[in-house]
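*Asks:* Here is my input, please return the structure:
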Amino acid sequence: MNEVTGQDLQAWGPQRQQAVFRQLMRAFSFPGRIETLAGEAALTQTLATLVDSEVTLADPQQLIDTLTRQRLQTRMTGAERAQFIVADGGQPPAFEPSLGTLESPEQGATILLQVAKLGEGSAWQLTGPGIAASQSLAIAGLDTAWIERRRCWNEGFPLGVDLILIDRSRVLALPRTTSATRITAQGEQ
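*Replies:* Below is the predicted model of the structure:
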C-alpha cells in the first residue's frame, strides 16, 4: 500500500497547482528554460495541475502510480487519441500521438517525458519563438529518437505536439514552434 505524506497531498492543493501552472506557462513562454518545482515528484505535480476528468490521458508504459491515477479521475485512452501522454524519455517512442486538425490544432497531444536529469547530459541547441537567438540545453536520459519523431510530428505546423520534459523536481517545455538540434563534439549536427 502507498504511504501518503504531506508532500504527496500538497500537489493536489489549489495553491500548489496555481504555482505549478505559472511555472509551466513560463516554461512554454521561454522554451528550454528549466523551472524548479517545490519539492520532488514533478511528474505528479504537473499531472495534478494539467489533467482532470475533462481530458484524456495515456500511460502506455504504466509510469503513473495507482494512487495518482485515482486522484486524477481522468479518462484513460490509447496514446493515439489522448490529449496528454506520459512516457519514458529514455525509450524511443512507440506510438503516434494526435497531431490535431487544421480546424483544431490545439487538439495535438502534450507529451510529458520523464528524463533522468535536466541541465546535464547531451547538448541541444534550441531556436524559435520565445528564444532571443538560440538557447543551449542539456538533457540526460533522453533517447534522441524523441526529437527526430517530434520533428516529423511538427512538420505540418500548426499541427503537432508539445513536449514537457520532467526530471525529479524540474520541468521544461518544448512547444511545437521550437526547433531542437543536437550539438556534437564537432559542432551542430
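*Asks:* outside of the helix or strand hosting Ile85, which residues touch it?
*Replies:* Remark: Ile85 resides in strand 84-88, with elements defined by DSSP states H and E. If you take Cβ atoms under 8 Å, 6 or more residues apart in numbering as the criterion, strand 84-88 is touched by 43, 47, 50-51, 55-61, 63-64, 79, 93, 95, 97, 109-114. In this view, the C-beta of every residue, glycine as well, is placed from N, C-alpha and C.
*Asks:* Mark which of those are buried, thanks.
*Replies:* Neighbour-count burial (16 or more other Cβ atoms under 10 Å) applied to the contacts of strand 84-88 gives 43, 47, 50-51, 56-60, 64, 79, 93, 97, 109-114.
*Asks:* Filter the residues you listed down to the ones in helices?
*Replies:* 43, 47, 50 (DSSP state H).
*Asks:* Counting neighbours, what do you get for the nearest residue to the last one once chain neighbours are set aside?
*Replies:* When you say that, I think you mean Leu50. Leaving aside its sequence neighbours, Leu50 sits nearest to Phe84 (Cβ to Cβ, 6 or more residues apart in numbering; 6.5 Å). Per other Cβ atoms under 10 Å, the neighbour tally for Phe84 reads 23.
*Asks:* So in terms of bridging, what pairs with Phe84?
*Replies:* Leu57, Thr110 (DSSP bridges).
*Asks:* Tell me where the chain has strands.
*Replies:* Using DSSP state E, the strands found in the chain span residues 35-36, 56-58, 75-76, 84-88, 110-114, 117-127, 135-140, 162-166, 170-174, 179-184, 187-188.
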